[in-house]
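Asks: Just need the structure, nothing else, for what follows:
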Amino acid sequence: MAGQPSISKFFKQVKINEYKTTVDVKNSAGRIRSELDSNADKMANEGGINPQTTLKDNIPQDATIKDCNMSNKNQAREHVIVDVDDSEEEGHSTAFQRKRTLPNSFDTAAYSNNVIIKPKRQTTVNKFKDMKLTPLDQQIKELKESHLDKLLVVRVGYKYKCFAQDAVIASQILQIKLIAGKLTFDNSNPQDEEFRQFAYCSFPDTRLNVHLERLVHHDLKVGVVEQSETTAIKKYSKDKNKSNVFQRNVTNTFSKATYGINNTFSPRSGPILGENNSIWALSATVGPEKSRSYALISVNFSKGEVVYDSFQETSSSLEKLITRLSYLEPKEVVSDGQFTIDITQCLRKRKCIIHESISNVTPNLQISETCEKLKMNEHQLKMVDLLYHYIKSYGNEQILLLSSTYKPFVSNTHMLLTSNTIQSLDIFSNEGGKGSLFWVLDHTRTSFGSRELKEWISKPLVNRSDIEDRLDAIQCIKGQINNLFFESLNRVLKSSPDLLRTLNRIAYGNTSRKEVYYFLKQLALFANHFETHANFLHHQLESSDGKIRKNSRLLTRILTEMRDYSKNSKVTHFLSMINVSAILEKDMEKQISEYFNLNNYDHSETLIQRQRQISAVKEELMDELVSIRKLLRRPHMDYKDAVDYLIEVRNTQIKDLPSDWVKVNDTKMVSRFHTPTTSRLVEKLQYHKDLLLHEADEEFHRFLSRIKKEYSNLRSYLQNYAVYDAILSLAATSCNQGYVRPVFTSKKQCIKSSNARNPVIESLDVSYVPNDINMNEEDGKVLVLTGPNMGGKSSYVRKVALLVILAQIGSFVPADYFEVSIFDSMFTRIGAYDDILRGQSTFKVEMLDIMRILEGFSKTSLLLLDEVGRGTSTEDGKAIAFSLLKYFIGRLDCPLILFTTHYPSLAGLSSTLLKNYYMDYEEQRTAGESWSSVVFLYKLRPGTARNSFGMNVAKLAGIDKNIINTAFTVSECMRKESISSEKMALSFQMKKVMSSNASSNEKLVKLLHVGKQENNNAAGCS
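Replies: Okay, the predicted model is just below:
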């Protein structure tokens, strides 16, 4: 399956709120005034700051301090000597320092707040109280004023630096040295007056992606600040008011929700951090009768989709909200109001960052028109405007302006599996990595195909025609398995990067040149494939006897659309504008400046002009070289290189050189010089090169805008490949031995199968016993299943649910025969767990699940109820299970129900809708054991199991035999007491009948009824 680069294997577990209490970024920055700097280190020396000066209690207690070449996580000591020398860079750490990056060193327990920092040398108090900030620090402060919600990572030369409180946070998470200085931007820390410049930490620019990932992993919003001018451009600038510092701007913003789309990765090596995460705009208003109305807009940048929804639920329930949290995985939630406590707790449990009470949002006219077409309500429209306002800081707000990206969360074309159902049935995840339904079905070749398949599984179809279309497509592909067209297309598909993600990055303007080239190249490969097989496709899709046209409407549609777009797209034209040799260049400047093929690129005038200016300067340098040759009488002399244009002279000849020549460097044998003319021309050459790079960058973004105009068509085109890949994956699963095409019946309620198997257990190479399924109005809607512990009851129930899901997503199923009606919903009550954060016991959680089922089921629902009543006393549990079954079988709209239980007395319920089955077993006696051991047969039989054989499970768990023997003795006594109590109750009922005033015939009928009930109960206990 296609993937993306791996996430880091480990992260330091630092709690952000711990050090936010020490240095509060938002609160302290709220009192900021103004600042400016050029070279922090130089200005520090000019200001008299000794690099060895200590922080003197100016470093927070939980900051990372370095003493010489050792890192001390401030453990409780009397004194810690602080060395703030900035000579060490990250790549030159000692073995001891490198060792701390191992997983064992990522331990929050190593941080202590009980540290006393003794300065190495006392500094003068308030030495810099009235001094201005350095120009760079002033610039950083002004940037911070505009971006209080972000941790800023600032480019300074070939390094990135964090300053003040941002540096404290970054140094802790990244485990890099914190250099002494002001720790707040507003001097709110008393010791800040002892320093002229801000504290900072730094790392090489080559490590940006690694460190960004770690910062984002800790739920930080990180702004990357880049220099927007070069030294040469700055020198030749005509701006008289230019400052001493380079212009800097926040060029990109990262969070967990945007990291995957705003960063560049190699195409296929693993999951991306935050790939499935989204940002929400959510409103929750209280309605009548304690109900809550929600309006939700969710944007996922990697998928390039905007999901909109509105729903209602009672104030005591959060089930629908939790389901949407499970599907959409938000990491940030914005709102124009305040959430209630239970909603806030629910969001925080999912580790969402909440931004409440956002105001002053200006409506966007283009968004309003889009929302009106989609018939959104007033609250949803307000949330779209709010989200647009919020994500502007990420630079990805264009997604909300594209109508093709919007889709509803709920549709009448599919069933929505609740979060509880997804978790109970292990649809997508399992603790061991294997063992989920998605793991069984996922044979996709691309990342976007895998996402499409996941969407299908989570939302099974409810329209029979749509299901049959998928089944027809699978059957058609199975019949064409050795076809050259499909084999070749599958190979091309397998080599594809995540094209949909790249398309979205192009739309946001966050992509790289290389990524754009490979994107267009892959699309060209698809186009070439369809051109190569044009005759085959014409026959298959246009002729009346074409197999694809006859057998699959879905395949015919998507292949026709793919062929037509490949034939008429502008992809080949775009690709011809790119200079392929530049893509392979390791020199980034050449890759940027020579990216376009100027012979084919139709906006090349400016670039050609810049290149001519560069050529003119190079000619001047060659003219100067002629003069130098004459002066030195060396007719064949050349410049040392074509970058610095140095003149190399032997040291023995230096005395004869003109006095205005400037030595640049030397060796033992030679020295290298610039003449006044070459020095001027080299600077001029660099200036024109920088201008060329700037123009090339501008032209690249114009090129992206041209591709972006094709966004809707390209998205539909690539979506067809995602659908094809998902069909291909289901076809691969359906080719397994023993898989059959499901038959959909017009009966209202029906599941009928012979030798059905659990697809997950079967895929784990475990020997599996198949079983039949027979549930309908004639043979019983409610199946009550008893049997010994570990006998296969829960596995059987899950199997039925998984087979129904497989059938309704349009897949073949593991069985000899499978007939099913279409279900519009599925509810599960499986497993036992509590919810400590919400103060709910195991039994409370169980009853809440039952309540939601009672509120949400319909006649065409499938209900899976596993051991209802287990969380309370036997009597109460039995009573609840009994009354629940009686409630369902007494309703005209009774759904199909699989009900597992350890209460045999439930078999006494009499109804034509209810059938009793048990999982078969054999009893065995072992010497020294009072109880019977059990051999599980895992075969479904009609009737009721007489025992749950809990002692056998205790034995399998390794509990001492004496303990089990005692437990068995107690169990038998309790069982006899229960039988005695039931006999007394029977005698009481018979006496009551006989003493009544009814006629003899009526008394006889009542006595027979009581006797029948007793026989049923006895059968359940025997």
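Asks: And the strands in the stretch 701-850 of the chain, which stretches?
Replies: 739-740, 743-744, 750-756, 771-776, 782-786, 813-814, 817-820, 825-829 (DSSP state E, counting those that start in this stretch).
Asks: and of those strands, who's closest to Arg925?
Replies: strand 782-786 (22.1 Å; C-beta to C-beta). Just so you know, the C-beta spots here come from the backbone N, C-alpha and C atoms, and that holds for glycine as well.
Asks: list the helices and strands the closest one packs on?
Replies: Here strand 782-786 touches helix 793-808, helix 874-889, strand 896-900, strand 914-925, going by 3 or more C-beta pairs under 8 Å, 6 or more residues apart in numbering; DSSP states H and E.
Asks: now with 10 Å?
Replies: strand 771-776, helix 793-808, strand 861-866, helix 874-889, strand 896-900, strand 914-925 (3 or more C-beta pairs under 10 Å, 6 or more residues apart in numbering; DSSP states H and E).
Asks: Tell me which of the strands of the stretch 701-850 of the chain sits most buried.
Replies: Per residue and on average, the most neighbours among these fall to strand 813-814, with a mean of 26 (mean count of other C-beta atoms under 10 Å).
Asks: Give the pairing partners of that one; include direction for each.
Replies: Its sheet considered, strand 813-814 pairs with strand 739-740 (antiparallel) by DSSP bridges.
Asks: Now do the SS call for Arg214.
Replies: Secondary structure state of Arg214, per DSSP: H, G, I helix; E, B strand; the rest coil, is helix.
Asks: how much space between the closest residue to Gln338 other than its chain neighbours and His603?
Replies: Of all residues not flanking Gln338 in the chain, Glu356 sits nearest, at 5.4 Å (C-beta to C-beta, 6 or more residues apart in numbering). Using C-beta to C-beta, to the nearest Å, we find Glu356 at a distance of 46 Å from His603.
Asks: Could you do Asn535 as well?
Replies: Distance, Asn535 to His603, by C-beta to C-beta: 38 Å.
Asks: more crowded one of the two?
Replies: A count of neighbours by other C-beta atoms under 10 Å puts His603 above the other of Asn535 and His603, at 13 against 8.
Asks: Are we agreed that that one is in a strand?
Replies: No - counting by three-state DSSP, His603 is not part of a strand but coil.
Asks: Could you check the pLDDT of it?
Replies: pLDDT, His603: 86.
Asks: try Leu559
Replies: On pLDDT, Leu559 comes in at 96.
Asks: Verify the contact between it and Phe530 for me.
Replies: Yes - between Leu559 and Phe530 there is a contact under C-beta atoms under 10 Å: 8.6 Å.
Asks: Enumerate every residue touching Asn377.
Replies: For Asn377, the contacting residues are 293, 295, 308, 310, 371, 383, by C-beta atoms under 10 Å, 6 or more residues apart in numbering.
Asks: ok, now how distant is it from Ile297?
Replies: 12 Å.
Asks: Pull up the overlap in contacts between these two.
Replies: Any residue near both Asn377 and Ile297 by C-beta under 10 Å, 6+ apart counts here, and that gives 308, 310, 371, 383.
Asks: Would you double-check that the first one falls in a strand?
Replies: Yes - looking at Tyr308 with three-state DSSP, it is inside a strand.
Asks: Now for it: which residues touch it?
Replies: Per C-beta under 10 Å, 6+ apart, neighbours of Tyr308: 281, 295-299, 371, 374, 376-377, 380-381, 383-384, 406-410.
Asks: Check Ala726 too.
Replies: Ala726 is in contact with 441-444, 446, 448-457, 470, 473, 809-810, counting by C-beta under 10 Å, 6+ apart.
Asks: ok so, going back, okay if I get the strands of the stretch 701-850 of the chain as a markdown table plus distance to Gly943 and mean pLDDT?
Replies: A markdown table is the format used below for these (distance: least, C-beta to C-beta, whole Å; pLDDT from 0 to 100):
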| stretch | distance to Gly943 | mean pLDDT |
| --- | --- | --- |
| strand 739-740 | 29 | 96 |
| strand 743-744 | 29 | 96 |
| strand 750-756 | 20 | 94 |
| strand 771-776 | 15 | 92 |
| strand 782-786 | 9 | 90 |
| strand 813-814 | 26 | 96 |
| strand 817-820 | 24 | 96 |
| strand 825-829 | 24 | 91 |
